[in-house]
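Visitor: build me a model:
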Amino acid sequence: MNEKIPVNLITGFLGVGKTTALLKLLADKPADEYWAVIVNEFGEVGIDGATLSGDGGDDVRVAEVPGGCICCTTSPMLRVALGKIARPGKEGQRPDRLLIEPSGLGHPAGIVDLLRDPMVAGAYALRAVVTLLDPRHLDDARYNSHQTWRDQIELADVLVINKGDLADAEQVDRAHALADALFPPKLAVVDAYKGAFDPALLDLTLDEARWPQQPQAHVHSGNAVLQPRRRTTEAVAEASTQWPLRKTQSSLGSHSCGWILPPETLFHSAKLADLFERLGDPAAYGLAGLSRAKGVFQTERDWYRFDWVDGMAGAAVSAYRRDNRFEVIVEAATPPDWAALEQALLAAAINFSAGSP
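Guide: Next comes the predicted model:
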């Protein structure tokens with residue numbers, strides 16, 4: 001049986017440097033590996049595909065899907081392209097890795113969902129989703145007011161802050177502050193010059209449970225060449241740990257507990273809504289002093305982010321796809337017993353399995 005082909009999405013808004021990053025990855029790939037690339041451009045003329053085909057070399061296969069967006073209108077074409085690439089070529093060779101570059105106007109969540117479809121997942125193993133961000137775009141309403149721009153950042157497993165040499169130090173700092181404030185946290189946040197980042201980031205394991213730690217200090221060098229700076233989050237569970245992965249923390253009179261479940265776990269949206277509505281009742285789960293609760297879940301309707309703050313519960317569609325996770329913070333003299341809340345969380349799942357991650 002053929003091994004699954006590792007696949008990465010390289011995303012980001014228009015002009016952020018995705019094709020440059022792809023060219024760098026292809027130039028640095030192991031010499032003995034054969035890679036494939038699917039590039040999607042919104043226009044009908046495939047400029048990026050032609051560039052990659054010309055510069056990639058004989059050990060790179062490029063498939064173009066021009067005209068529209070593979071995240072939506074031409075998604076059947078993506079399924080066809082994935083099927084062709086997974087089949088051995090004339091010499092019986094299958095790619096050692098597939099890189100997908102969606103259109104800068106495309107919403108890549110649909111591609112992640114397709115790659116997890118049972119008919120596709122048998123041939124492909126989804127690895128880290130990489131999103132490039134130009135820190136100068138934080139001040140530009142053409143970008144920061146665009147829902148797709150925000151969703152690309154939310155979906156990322158690895159956030160690459162590119163073109164920092166063209167931005168000022170304050171803009172780069174604000175980009176890192178944006179990344180640090182995101183929930184769930186990224187697996188890694190790095191700086192890049194001309195799209196160059198450590199290829200090892202492509203294989204950060206999506207199944208690992210990772211939690212935030214204090215970001216490392218970073219420096220700016222004006223217009224000099226930036227050395228890629230890397231901040232990764234801390235793995236908290238060994239491979240033998242069973243679901244749900246759980247971590248608690250206590251400091252300065254506050255206590256937190258978080259749970260992670262695999263992306264395949266599906267939740268009842270109505271049961272989650274009821275759970276969040278009842279969080280403010282100390283008698284429900286024994287959480288006197290609750291100050292904050294948040295989570296992202298795949299439900300039978302879509303992926304949703306749920307929040308509880310100031311006694312109010314709410315929910316909104318989320319672009320996040322890496323895993324299901326839930327976190328609460330309580331202000332109290334002693335940590336609460338989290339068992340009742342965990343039981344309610346698992347009871348809201350449709351297909352939860354406690355198997356090893």
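Visitor: please identify the buried residues of the host helix or strand of T20?
Guide: Using DSSP states H and E, the element containing T20 is helix 18-28. For helix 18-28, the neighbour count (16 or more other Cβ atoms under 10 Å) marks 18-26 as buried. C-betas here are computed from N, CA, C, even on glycine.
Visitor: and it, how far out from the chain's middle?
Guide: Relative to its parent chain, helix 18-28 has a centroid offset of 20 Å by Cα atoms, centre = their mean, to the nearest Å.
Visitor: stretch 159-175 too?
Guide: So, by Cα atoms, centre = their mean, the centroid of stretch 159-175 is 20 Å from its chain's centroid.
Visitor: what's the span of that stretch from first residue to last?
Guide: Terminal residues of stretch 159-175 lie 10 Å apart, using Cα to Cα, to the nearest Å.
Visitor: so for stretch 11-26, mean pLDDT?
Guide: Average pLDDT, stretch 11-26: 91.
Visitor: burial check on S145, number of neighbours?
Guide: By other Cβ atoms under 10 Å, 9 other residues sit near S145.
Visitor: give me the helices and strands touching the next helix or strand after the helix holding T20, please.
Guide: Under the assignment DSSP H and E, the closest C-terminal helix or strand after helix 18-28 is strand 35-39. Packing partners of strand 35-39 (3 or more Cβ pairs under 8 Å, 6 or more residues apart in numbering; DSSP states H and E): helix 18-28, helix 47-56, strand 60-64, helix 75-86, strand 97-101.
Visitor: worst average pLDDT in the ones you listed?
Guide: helix 47-56 (a mean of 46).
Visitor: okay but H176 is in contact with V189, surely?
Guide: Yes: if you go by Cβ atoms under 8 Å, H176 and V189 touch, sitting 6.6 Å apart.
Visitor: give me the more crowded residue out of these two.
Guide: Just comparing H176 and V189: by other Cβ under 10 Å the higher neighbour count belongs to V189, 26 against 19.
Visitor: can you tell me the helix or strand for that one?
Guide: Using DSSP H and E, V189 falls in strand 188-192.
Visitor: centre of the chain versus that strand, how much separation?
Guide: 14 Å.
Visitor: just the CA trace of it, in CSV.
Guide: Taking Å, rounded to 0.1, in the frame of the first residue of the first chain, the C-alpha atoms of strand 188-192 are listed here in CSV:
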residue,chain,number,x,y,z
ALA,A,188,4.9,28.6,15.1
VAL,A,189,5.3,32.3,14.3
VAL,A,190,8.4,33.2,12.2
ASP,A,191,9.9,36.2,10.4
ALA,A,192,11.0,35.7,6.8
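Visitor: and that strand, what does it pack against?
Guide: strand 158-162, helix 169-180, strand 230-232.
Visitor: hey, which of the ones you listed is tucked in deepest?
Guide: Highest mean neighbour count among these (mean count of other Cβ atoms under 10 Å): strand 158-162, with a mean of 26.
Visitor: what sits up against that strand?
Guide: Contacts with strand 158-162, where a contact means Cβ atoms under 8 Å, 6 or more residues apart in numbering, come from 12, 16-17, 21, 128-135, 153, 172, 175-176, 179, 186-195, 197, 201, 204.
Visitor: got a quick PyMOL command for the buried subset of these?
Guide: Filtering the contacts of strand 158-162 down to the buried ones (16+ other Cβ under 10 Å) takes a single PyMOL command:
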select buried, resi 12+16+17+21+128+129+130+131+132+133+134+135+153+172+175+176+179+186+187+188+189+190+191+192+193+195+197+201+204
